[in-house]
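K.L.:
What follows is a predicted structure for the sequence shown.
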Amino acid sequence: MQKILRLFIRYLSAGVIATLVHFVVFICLLRYYSPTSSTLCAAITGALVAYCLSRHWVFAQRDCNSWRFVITATSQVLCNTLIVNLLTHWGAPALSAQIVATTAVTLQGFMINHFWVFKHDIKRAPLR
């Protein structure tokens, strides 16, 4: 259980970095584009950052199935975009909608990456 907790903390740390990149891109694009377009571009950028960090730091000693990561990241980008689109359509401020969407896809992403994308093997310790 302690290994899972350490792994989850590492995943959250990488996620914070990817999320910061996502929010910076989102806020910059929001000046020129709709919330839906802005979050789509920002989510793709954040997913690329998350992939690099997950591959080389979080799940470093695990085999990575790149196609599975693409499928997972695509589902997260689409869920994120859908949530932001719906919430802004219903009158929520764009930044609040983005925060709700980010929160909603975080746990989903960890579970899918941990058990499916990076071939779960709890006996393997992450790179220290």
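P.N.:
Cool, the structure landed. Numbering: from 1, shown residues only.

K.L.:
got a pLDDT number for Arg62?
P.N.:
As predicted, Arg62 sits at a pLDDT of 66.

K.L.:
cool, Val16 as well?
P.N.:
In this model, Val16 is scored at 90, pLDDT.

K.L.:
Please point out which parts of the helix or strand where it lies sit buried.
P.N.:
Take DSSP states H and E as the rule and Val16 turns out to sit in helix 2-30. Buried positions in helix 2-30, judged by neighbour count with 16 or more other C-beta atoms under 10 Å: 7-8, 10-11, 14-15, 18-19, 21-23, 25-26, 29-30. Every C-beta, even on glycine, is put in place using the N, C-alpha and C of the backbone.

K.L.:
Looking at those residues, spot the one nearest Ala60.
P.N.:
Proximity to Ala60 was ranked across the buried residues of helix 2-30 by C-beta to C-beta; first place goes to Arg10, at 9.4 Å.

K.L.:
Might one say that that closest one is in contact with Ser54?
P.N.:
No: taking contacts as C-beta atoms under 8 Å, Arg10 lies outside contact range of Ser54: 9.2 Å.

K.L.:
Need the residues that contact the helix or strand Ser75 falls within.
P.N.:
Following DSSP H and E, one finds Ser75 within helix 66-89. Outside helix 66-89, the residues within contact range by C-beta atoms under 8 Å, 6 or more residues apart in numbering are 35-36, 39-40, 43-44, 47, 50-51, 54-55, 94, 96-98, 100-102, 104-105, 108-109, 112-113, 116-117.
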